[in-house]
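Student: Predicted model and sequence follow; I will ask about them next.
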Amino acid sequence: MEKQKLNSKAGRPKLKIDYDLVERLANIHCTQEEIAGVLNISVFTLRRREGFCTIYKKGLDKGRASLRRLQWSAAEGTDPKLATDQFGQPQTDLKGKPIFFASVLPNVTMQIWLGKQILGQADKQEIGYIDKEGEAEDLSDAELTDIISRRRRNGTTKEKDGS
């Protein structure tokens, strides 16, 4: 008896994955486990699919770029803008005065944070000691600790004896 070849594939039908949704979820930095949960498939199945890793990385990269753009906008602030209609004409209030979108002041905290992240800036405190002749000295941690403990014992905050 001869076996006949079947034209159909055995096993389950291949699940269709919405790669646009995968990219959008990766854009907001969802984990692979979270994406698999939304798609109602296993992480193993998701990772096995050709092109998933590329699309996932693309979404993560877009998300990082979007976040960086928002951070830069916050750091720079915005100028007030004239409100316009769909034809580009200025919008006015009931008294006929033009309507402006409020300005946003630059966010100094964001500027400092970006400086630390991108420019390698850091908060540094240099501690030195000025001797009785008024010359600055570099001190080791042990020397500085000794001076501080002597001041605390004496109840002084300023060095009076020059030592």
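Tutor: Great, that's in hand.
Student: Give me the distance between the longest helix belonging to the chain and the centre of its chain.
Tutor: The longest helix of the chain (DSSP state H) is helix 52-76. Put simply, helix 52-76 sits 9 Å off its chain's centre (Cα atoms, centre = their mean, to the nearest Å).
Student: Next secondary structure after that helix?
Tutor: strand 81-82 (DSSP states H and E).
Student: Quick one: mean pLDDT for that following strand?
Tutor: Across strand 81-82, pLDDT averages out at 88.
Student: right, and the helix or strand after that strand?
Tutor: strand 100-101.
Student: which other residues reach that next one?
Tutor: Here strand 100-101 makes contact (Cβ atoms under 8 Å, 6 or more residues apart in numbering) with 80-83. C-beta coordinates here come from the backbone N, C-alpha and C atoms, glycine included.
Student: As CSV, those residues with distance to Asp141 would be great.
Tutor: Below are the contacts of strand 100-101 laid out as CSV (distance: Cβ to Cβ, whole Å):
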residue, distance to Asp141
Pro80, 51
Lys81, 53
Leu82, 58
Ala83, 59
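Student: for those residues, which one is nearest Ala102?
Tutor: Minimum distance to Ala102 across those is 6.3 Å, recorded for Pro80 (Cβ to Cβ).
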